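Student: Show me the folded form of this:
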Amino acid sequence: MLPDPSPDARAGFAVVDVEATGRSPWRHRVVEVAVVQLDERLRPQGEFCTLLDPLGPVGPTHVHRIAQEDVEGAPRFREIAPRLLELLAGRVLVGHHVTCDHAFLDREFARIGVPLPPVPLLCTMRLARAHLPEARGFGLAACVEAAGLGGFAAHTALGDARATAGLLRHCLDAPSCPPGDWAGPLREAARVSWPRLGRARSRPSGGPVPLVPRDHARPAPVPGPRDLSDRLPYGSGPPAAPPPAAPRKSAGAMGSTA
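Tutor: This next block holds a predicted model:
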């Protein structure tokens, strides 16, 4: 049974996904970030997504389908960091293999001198292993398929975050899922003290800090027959590409300063 909603509008879940220029949070950078906010009853509250300028090569476009020219003029991480902190504060951080997304966010904030607090994490991959045993695998696409949630724009930050939010609802609604699996993290998240940053309203040139949505990215190849991402039930978004053989966060190497 779902708890009564908190009077704190920040309470709930922040479902996150990042696309990165490589596998290592220490050597590689976030090139796209998305947050889907859910309240304590798992009702949608809002979405945020933008491409980011990694200040260097974007990595293999064949994985995340982001070309170098797509991030020209996109914000740097430090320019969207204040807004991102507002979106995450007071919430349980959710992701599919959430430790990966958390590690990239943690390092990006560390590069600008902002330590993230010990935020509670909830992993839909672990939830699926416990409450979706019929899945043919535990990657996001296989779990979404087993849950009967339809297709999604795979390997886009917002597409993956939306799909993860749907998977979270499915798993937490399963009869095998006790309320303690998520009620505890909600209470813990409400007690966490988050840092705040003054929001960057403009660049030194005087121009506004832009957000660059994913629909600026280049089109993808025609999806294969087993691809779940050729249908976009959540609204408009980029066409989907066949899932690559490599793990979902794999990409080419680069190094950069913040």
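Student: count of neighbours near the closest residue to Leu167 other than its chain neighbours?
Tutor: Setting aside the residues directly before and after it, Leu167 is nearest to Thr124 in space (C-beta to C-beta, 6 or more residues apart in numbering), at 4.7 Å. Placement of C-beta: from N, CA and C, glycine included. Using other C-beta atoms under 10 Å, the number of residues around Thr124 comes to 30.
Student: before we move on, what about the one 5 residues further on?
Tutor: Using other C-beta under 10 Å as the criterion, Arg129 is surrounded by 14 other residues.
Student: And the next helix or strand past the worst-scoring helix or strand of the chain on mean pLDDT?
Tutor: Taking mean pLDDT, DSSP states H and E as the measure, the chain has helix 61-64 as its least confident helix or strand, at a mean of 82. Scanning forward in sequence from helix 61-64, with DSSP states H and E defining helices and strands, the next element found is helix 77-88.
Student: Mind giving me the packing neighbours of that next one?
Tutor: Contacts defined by 3 or more C-beta pairs under 8 Å, 6 or more residues apart in numbering; DSSP states H and E place helix 77-88 against strand 12-20, strand 30-38, strand 44-51, helix 98-111.
Student: Go ahead and produce PDB holding the CA coordinates of it.
Tutor: Coordinates of each C-alpha in helix 77-88 appear next as PDB, following Å, rounded to 0.1, in the frame of the first residue of the first chain:
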ATOM      1  CA  PHE A  77      27.800  20.500 -16.500                       C
ATOM      2  CA  ARG A  78      28.600  23.300 -14.100                       C
ATOM      3  CA  GLU A  79      26.000  25.500 -15.800                       C
ATOM      4  CA  ILE A  80      23.100  23.000 -15.200                       C
ATOM      5  CA  ALA A  81      24.500  21.800 -11.800                       C
ATOM      6  CA  PRO A  82      22.300  24.200  -9.700                       C
ATOM      7  CA  ARG A  83      19.100  23.000 -11.400                       C
ATOM      8  CA  LEU A  84      20.200  19.400 -11.100                       C
ATOM      9  CA  LEU A  85      20.700  19.700  -7.400                       C
ATOM     10  CA  GLU A  86      17.200  21.100  -7.100                       C
ATOM     11  CA  LEU A  87      15.700  18.200  -9.000                       C
ATOM     12  CA  LEU A  88      17.500  15.600  -6.900                       C
END
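Student: can you tell me how far Leu116 sits from Val36?
Tutor: 19 Å (C-beta to C-beta, to the nearest Å).
Student: Please apply the same query to Leu172.
Tutor: 15 Å.
Student: Next, the distance between the ends of stretch 24-43.
Tutor: For stretch 24-43, the first-to-last residue distance is 33 Å (C-alpha to C-alpha, to the nearest Å).
Student: and that stretch, how far from the chain's centre?
Tutor: Stretch 24-43 has its C-alpha centroid displaced from the chain centroid by 3 Å (C-alpha atoms, centre = their mean, to the nearest Å).
Student: how about that stretch: buried residues?
Tutor: For stretch 24-43, a neighbour-count test (16 or more other C-beta atoms under 10 Å) marks 24-25, 28-40, 42 as buried.
Student: Likewise for stretch 110-123?
Tutor: Under 16+ other C-beta under 10 Å, the buried positions of stretch 110-123 are Val114, Leu116, Val119, Pro120, Leu121, Leu122, Cys123.
Student: which of those residues lies closest to Asp106?
Tutor: Ranked by distance to Asp106 (C-beta to C-beta), the buried residues of stretch 110-123 are led by Leu116 at 5.1 Å.
Student: Could you report the pLDDT at that closest one?
Tutor: You'll see Leu116 listed with a pLDDT of 95.
Student: do the same with Ala183
Tutor: 85.
Student: Provide the secondary structure category for it.
Tutor: Here Ala183 is recorded as helix under DSSP: H, G, I helix; E, B strand; the rest coil.
Student: ok, now how distant is it from Phe13?
Tutor: 12 Å.
Student: and what of Asp70?
Tutor: To Phe13, Asp70 is 29 Å away according to C-beta to C-beta.
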